[in-house]
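>>> Using only what follows, build the 3D model:
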Amino acid sequence: MTLHLVLLTLYSIAVVGLGIWSARYVRTSSAFFVAGRRLGPGLLFSSMLAANIGAGSTVGAAGLAYQDGLSAWWWVGSAGLGSIVFAFAIAPRLWRLASDNDFYTTGDYLEFRYGPRVRVAATVLVNLGALALLAGQLIAGATILNVLTGAPRWAGSLIGGVIMTVYFAAGGLLGTAWVNTLQLAVMLSGFAVALPVLLVHAGGIASVVGPSAPSWFGDITYSSGPRSGWTLLALTGPAFIVSPGLIQKAYGADSVRTVRLGIGLNALALLAFAFVPVLMGMTARVLMPGITDANAVLPTLLTHQLPAWLGALALAAVFSTEVDTSDAILFMLSTSASKDVYKRFLKPDATDEQLLRVGRIAAVAGGMTGVVLSIWLQTVIGALTVFYSLLVVTLAVPIVGGLYTRRAGEREALAAIAAGVLTLFVLVALSGSPAWLDPTLAGIVAGAMAFLGVMASR
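Numbering: from 1, shown residues only. Below is the predicted model:
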């Protein structure tokens with residue numbers, strides 16, 4: 001057994017053990033879903049940042065940088081920009097509503113603002129996208145295990161799925177907040193040590209963007225079209241403003257001040273971290289030209305271009321990001337299934353104990369489904385794009401519109417969801433659509449026009 005595999009095994013055991021240990025403090029649905037609304041700035045920061053730095057932010061961004069260069073910064077950088085808006089314009093308003101009305105999920109807010117039909121429509125669409133996001137995280141984890149051991153994707157996905165399902169189902173939001181703190185420490189220390197070593201091996205920044213690289217490789221403003229470079233702002237930026245998983249983490253804060261401080265610091269950290277996997281992907285192009293699998297760029301680089309001990313630490317950091325983002329997705333799926341479906345429509349008189357049990361069962365079911373999808377979907381970026389696109393066109397207009405105008409009701413929200421999703425699907429299906437037309441941005445615009453149009457016709 002290699003040092004890389006030993007360290008990953010020990011790390012996984014520690015994460016599962018911490019999650020199971022935290023279960024002793026999770027005796028109510030409030031503790032499981034919103035951590036009893038007692039997360040301070042430090043725990044909210046670490047939980048948010050750990051959730052936001054996942055497969056797309058590491059494996060996906062490095063693979064994109066291998067092809068597009070420095071402009072891949074926008075994949076994570078856009079998340080940081082979106083998080084600034086979330087910290088100061090959206091999350092504080094939502095937290096006040098959640099605290100006053102005992103909201104657990106984004107669906108609680110949507111029903112409060114628009115009615116049960118909007119809640120159902122949004123829940124179905126977002127959960128379908130969330131399963132694709134979960135699959136993306138598991139694909140990245142499986143790729144790491146494949147590089148280290150040659151294990152097939154199904155085996156790697158199953159191992160990663162079991163780890164994140166066990167510790168999340170045990171500890172819920174309260175447990176994962178503690179686990180995320182450990183994961184964040186591993187991740188940041190691993191990347192902080194590995195990046196300078198890799199840059200030196202590649203001959204420094206000058207060699208990475210030197211004459212042998214394409215002319216646009218060092219240009220952060222470069223874009224080859226939709227979902228490349230700065231156009232990623234339309235895809236990932238809004239997703240970090242209206243993501244149900246992040247909204248529900250914000251519900252767990254103990255005050256509005258904590259919301260602004262914890263999420264604001266998370267935004268600054270994302271803007272800085274965005275350069276790290278991108279620079280790694282760019283050095284990989286110099287040190288290891290000819291890699292054809294975008295998913296394998298970062299794991300291969302860390303395994304073959306670093307000393308064994310450092311490569312093991314860096315791989316543990318990458319694996320950590322995949323696991324901690326997966327628990328955020330399970331959190332979103334389990335709370336939605338138990339609150340938005342089970343208690344709202346199937347058993348309104350469910351006891352707190354029953355709600356907690358259903359939440360844990362839903363987490364297990366979501367983990368199993370994510371494993372199956374990860375075997376079917378091909379790439380990390382492809383899987384995450386499905387989620388971000390569907391999430392944004394479904395929720396962006398109803399959530400923001402509901403916070404800033406009281407005139408809109410159920411008809412406006414349903415019209416926005418229908419117009420946004422339909423526009424997205426049509427443009428994705430039409431391979432001959434204009435190259436400059438981003439389907440996600442077009443869906444947002446169509447949803448906003450439908451929302452305002454119905455409101456104006458009252």
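>>> Quick check: the gap between residue 423 and residue 62.
Residue 423 sits 31 Å away from residue 62 when distances are taken as CB to CB, to the nearest Å. For the C-beta atoms, the positions are set from N, CA and C on the backbone; glycine is no exception.
>>> If you count surrounding residues, which of those two has more?
The residue with more neighbours, out of residue 423 and residue 62, is residue 62; 31 against 22, by other CB atoms under 10 Å.
>>> mind listing what residue 194 touches?
By CB atoms under 8 Å, 6 or more residues apart in numbering, the residues touching residue 194 are 280, 302, 306, 310, 311, 313, 314, 317.
>>> Out of the residues you listed, which is nearest to residue 446?
If you rank the contacts of residue 194 by distance to residue 446 using CB to CB, residue 280 comes first, at 37.1 Å.
>>> mind listing what the residue most central in space within the chain touches?
In the chain, the residue lying closest to the centroid (CA atoms, centre = their mean) is residue 52, at 5.0 Å. If a contact means CB under 8 Å, 6+ apart, then residue 52 has 79, 83, 240, 246, 266, 270, 325 as its contacts.
>>> Please apply the same query to residue 398.
Applying CB under 8 Å, 6+ apart to residue 398 gives the contacts 110, 113, 114, 118, 122, 412, 413, 416, 417, 451.
>>> Quick check: buried residues in stretch 401-410?
401, 402, 408, 409, 410 (16 or more other CB atoms under 10 Å).
>>> and it, how far out from the chain's middle?
27 Å (CA atoms, centre = their mean, to the nearest Å).
>>> After the helix or strand harbouring residue 113, which helix or strand is next?
Taking DSSP states H and E as the criterion, residue 113 maps to helix 106-114. Following helix 106-114 in sequence order, the next helix or strand is helix 116-149 (DSSP H and E).
>>> ok and that next one relative to helix 106-114, angle-wise?
Inter-element angle recorded for helix 116-149 and helix 106-114: 160 degrees (by axes from the mean of the first three to the mean of the last three CA atoms, to 10 degrees).
>>> any idea which helix or strand comes after the helix or strand of the chain with the lowest mean pLDDT?
Lowest by mean pLDDT, DSSP states H and E among the helices and strands of the chain is helix 29-34, with a mean of 64. Using DSSP H and E, the helix or strand that follows helix 29-34 in sequence is helix 41-52.
>>> Tell me the buried residues in that next one?
41, 43, 44, 45, 46, 47, 48, 49, 50, 51, 52.
>>> From residue 12, how far off is the fourth one?
Using CB to CB, one gets 24 Å for the distance from residue 45 to residue 12.
>>> Can you tell me the SS state at residue 306?
Secondary structure, DSSP: H, G, I helix; E, B strand; the rest coil: residue 306 is coil.
>>> How about the contacts made by it?
194, 197, 198, 314.
>>> The second one contacts residue 313, doesn't it?
No. Applying CB atoms under 8 Å, one finds residue 197 not in contact with residue 313, separated by 10.9 Å.
>>> who has more neighbours, the two?
Shown here are residue 197 and residue 313; by other CB under 10 Å, residue 313 has more neighbours (23 against 16).
>>> just to revisit the earlier point, could I get the contacts of residue 194 as TSV with distance to residue 73?
Converted to TSV, the contacts of residue 194 look like this (distance: CB to CB, whole Å):
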residue	distance to residue 73
280	12
302	20
306	23
310	24
311	24
313	24
314	20
317	19
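>>> Looking at the residues you listed, which are in strands?
Among the contacts of residue 194, no member is found in strands (DSSP state E).
>>> between those residues, which is closest to residue 131?
For the contacts of residue 194, the nearest to residue 131 is residue 317 (25.7 Å; CB to CB).
>>> so that closest one touches residue 187, yeah?
Yes. Using CB under 8 Å, residue 317 is in contact with residue 187, at 4.4 Å.
>>> of all the contacts of residue 52, which two lie farthest apart?
Longest span within these, CB to CB: 83 and 325, 14.5 Å.
>>> Distance from stretch 295-308 to the middle of the chain?
23 Å.
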